[in-house]
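# quick one, fold the following:
(one chain, ligands or ions: 1)
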Amino acid sequence: MNLLRNILDYLMIKKNSVIFFIFFSLYSLSLADLVKMKVVESRMIGIKVYGKHHVLLPGYLWKSLADKEYVIYYLDNDEVSITDKTTGKVFFIKDRQNFDFFLDDKDSYFVIEKQAFVGHLLFKIGNKTITVINNLSLRDYLYGVVTAEIGDNLGKKDLEAAKAQAVIARTYYLYQKSKYFGDYIIENSSKNQNYLYKRKYSKYVMDAVNSTSDEVLFYKNELVMAVYSADCGGYLASSEEVWSKEIPYLKAKWDGLDFYSENCLHNKKHFYKLKFSVNELENILKKNLFNSPKEQFRTIYIKSRTSSGRVDSLIIYSNLKKYIVEKEKIRYIFKSRRVKTGLPSRLFSIYYIYDDNKLSHVVFAGTGYGHGVGLCQHGALFLSEQGFDYKSILSFYYPGTTLRKIFKGGRK
Ligand SMILES: [Zn+2]
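Down below sits the predicted model:
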């Protein structure tokens, strides 16, 4: 009896730390399984939280039952301030300690830079910057990726394409996870995968994720580098055309069922034409390529093409220098306020317009959108409409790969 009493006393004294320990053990265990997605990195971050939530600050739990708006600053003295804009209450955090925002209700959500998020937010304090990392379940993450990547206006005919997208988004994430061990694994951008949270997802998106649950693509015994793009322009690119590395299941080939039609031809933006005046081109190149702002644009032409017909190297002359631009950089040197993403693809030809024998405009006319390696999203939508199932779509775009179930035992 005494022994039991001693144990009970001990537990009473230790109650708080035991609960604390259990909470953090569960917390860190569950975080290990979550998707870690970078949301933003900045010195100042505004965040709105809709619904019940709490903020776990070093040594303090800040609970809130109502909608709130906070602003978080990295201050000049290396402290971080968190201001509740509704009440004016401010907390200061020293020594670059991280803190967390949690949602306490299934209908609660965060909004940062006009984008909504669920799950949990980690505010990681670095050197002069704050990085916000969203931790969420793989299933929630995939609902948002399939929505952002293949659209939330899907119909029944698109379901097999959405399933293929769910499998490759899951494979892509796990591939990244197997390679990177930093604070976050993936970015919410076209660099990795786009993610869009919706309060209510389309039933086809949910069906695509749930019905392919645990399925991923393998090549031999390794996870596939399941890259994809919006529209391959009619001819898929090989991995070496874009990243210089040869990968057996990412080969250049015609994206069509026969040689008379392309799977992605139905895309309304399959063909593009971008016209630049010499003046505009010169200003863009001054910003993105030329060494000196005094350089003047003279001419541009295609030097070589890859096996899939993509522009492999481009030559640009200024009055002072010859520049050779290669691979995907070819697309990005034309980024500007008007042409935000640069050239849509590298499957293009160049036309010149002269005025009084003087070059006045340069026109890029081409097809596709994106790097063109792996699954072509518009092509997959067409194949789905034609009655192909997601397994056939995946084996068309990633030949030689196999579909396997992982997480046996119910882990999602
Ligand atoms: Zn295509």
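# which ones are touching residue 85?
Applying C-beta atoms under 8 Å, 6 or more residues apart in numbering, one finds that residue 85 lies in contact with 68-71. For every residue, glycine as well, the C-beta is placed using N, CA and C.
# select from those the one having the most neighbours.
Of all the contacts of residue 85, residue 70 has the most neighbours under the rule other C-beta atoms under 10 Å, reaching 21 neighbours.
# surely it meets residue 46?
Yes - contact criterion C-beta atoms under 8 Å: residue 70 and residue 46 qualify, at 7.5 Å.
# which residues does the nearest residue to residue 53 once chain neighbours are set aside contact?
Nearest non-adjacent residue to residue 53, counting by C-beta to C-beta, 6 or more residues apart in numbering: residue 103, 5.2 Å away. Residue 103 makes contacts with 49, 51-53, 109-110, 118-120, as judged by C-beta under 8 Å, 6+ apart.
# list buried residues within those residues.
Taking 16 or more other C-beta atoms under 10 Å as the criterion, what is buried in those is 49, 51-53, 109-110, 118-120.
# make JSON lines out of the residues you listed and add pLDDT.
Listed next are the buried ones among the contacts of residue 103 as JSON lines, based on pLDDT from 0 to 100:
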{"residue": "49", "pLDDT": "96"}
{"residue": "51", "pLDDT": "94"}
{"residue": "52", "pLDDT": "93"}
{"residue": "53", "pLDDT": "94"}
{"residue": "109", "pLDDT": "94"}
{"residue": "110", "pLDDT": "95"}
{"residue": "118", "pLDDT": "94"}
{"residue": "119", "pLDDT": "91"}
{"residue": "120", "pLDDT": "93"}
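# helices - which of those residues land there?
Secondary structure assignment by DSSP state H places none of the buried ones among the contacts of residue 103 in helices.
# tell me which of the residues you listed fall in strands.
Those of the buried ones among the contacts of residue 103 mapping onto strands are 49, 53, 109-110, 120, per DSSP state E.
# spatially central, which residue of this structure would that be?
Taking C-alpha atoms, centre = their mean, the centroid of the chain lies closest to residue 193, which sits 2.4 Å from it.
# so it versus residue 110, what's the distance?
In this structure, residue 193 and residue 110 are separated by 19 Å, where distance is defined by C-beta to C-beta, to the nearest Å.
# which positions in this protein make contact with the ion?
Taking C-beta under 5 Å from the ion as the criterion, the chain approaches the ion at residues 232, 255, 264, 376, 379.
# helices of the stretch 151-300 of the chain, residue ranges please.
Under the criterion DSSP state H, counting those that start in this stretch, the stretch 151-300 of the chain carries helices at the ranges 159-179, 203-211, 239-243, 278-288.
# deepest-packed of the ones you listed, please.
Of all the helices of the stretch 151-300 of the chain, helix 159-179 carries the top mean neighbour count, a mean of 24, counting by mean count of other C-beta atoms under 10 Å.
# so can I have TSV of the buried ones among the contacts of residue 103 showing distance to residue 172?
Formatted as TSV, the buried ones among the contacts of residue 103 follow (distance: C-beta to C-beta, whole Å):
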residue	distance to residue 172
49	29
51	31
52	33
53	30
109	25
110	24
118	21
119	19
120	22
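# show me which pair in these is furthest apart.
Every pair in these was compared (C-beta to C-beta); the two farthest apart turn out to be 52 and 119, at 14.7 Å.
# follow-up on the earlier one: let's have the contacts of residue 85 in TSV, adding secondary structure and pLDDT.
Below are the contacts of residue 85 laid out as TSV (DSSP: H, G, I helix; E, B strand; the rest coil; pLDDT from 0 to 100):
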residue	secondary structure	pLDDT
68	strand	94
69	strand	95
70	strand	96
71	strand	97
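# right, I'll call it a day here.
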